[in-house]
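**Student:** Provided below are the primary sequence and the corresponding predicted coordinates.
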Amino acid sequence: MMKTNKSKKVMVAAVLIMSMAFSGLASAADMKTIKKDGMELVQLRQAAKMYDYSIMWDSKDRSVTLMYMGKMDDKMMKDDNMMEDDMMMEDTMMPAGKTIKLWIGSKKIMVDGMQVNLKSMPVIHEGNSYAAESVIKQYMMPAMGMK
């Protein structure tokens, strides 16, 4: 009897872990997209929410600013918010505070203060801003490693 309860607990734990690991993938498939000039564009507000970015619209220059405000994993941090001496930051980890600025109708964006050229311009469709799926994959998703 004891072995059966333990097996059930292990099974439930495994299912919970798998559901948490794949919840982001299910959400990405549900993200609202549009097609423009043969490119798939993703709604920025949904992407921002999904990847823990704040989003701000500036009507004066028709820009969208995305800021990743996540924090480093607690295992990497001491109480004084410094990395432990014996810990090394992996090359694939991105620092918290990542900033992306896009201008509607422009192929130029700023990523952490560096200009990047896009293949497709961000647009407004039915009151929402959209950008190429590549913006999400290249500049937003890497920050997820810091969750």
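**Tutor:** Structure's in. What do you need? Here the structure is a predicted model, which means the values were calculated and not measured.
**Student:** which residues are contacting stretch 117-135?
**Tutor:** 32-34, 36-37, 39-45, 57, 64, 100, 102-109 (Cβ atoms under 8 Å, 6 or more residues apart in numbering). No exception for glycine: its C-beta is placed from N, CA and C like everyone else's.
**Student:** in that stretch, what's buried?
**Tutor:** By 16 or more other Cβ atoms under 10 Å, the buried positions in stretch 117-135 come out as 118, 120-123, 129-133, 135.
**Student:** about what we covered before: which ones among the contacts of stretch 117-135 lie within strands?
**Tutor:** With DSSP state E as the criterion, strands contain 33-34, 36, 39-43, 57, 64, 100, 102-103, 108-109 from among those.
**Student:** just the buried members of those residues?
**Tutor:** Using 16+ other Cβ under 10 Å as the burial test, those include 39, 41-43, 64, 100, 102-103, 109 as buried.
**Student:** flag the least confident of the residues you listed.
**Tutor:** Minimum pLDDT across those is recorded for M39, with 84.
**Student:** which residues does it form a beta bridge with?
**Tutor:** Counting by DSSP bridges, M39 forms beta bridges with K36.
**Student:** do you know how far it is from M114?
**Tutor:** For M39, the distance to M114 equals 23 Å [Cβ to Cβ, to the nearest Å].
**Student:** circling back: for the buried ones among the ones in strands among the contacts of stretch 117-135, which one is nearest G70?
**Tutor:** Set against G70, the nearest of these by Cβ to Cβ is I100 (13.9 Å).
**Student:** who does that closest one bridge with?
**Tutor:** Under the criterion used (DSSP bridges), I100 bridges to L66, V111.
**Student:** would you mind measuring from it to T65?
**Tutor:** To T65, I100 is 7 Å away according to Cβ to Cβ.
**Student:** kindly report the same for M56.
**Tutor:** Taking Cβ to Cβ, one finds M56 at 5 Å from T65.
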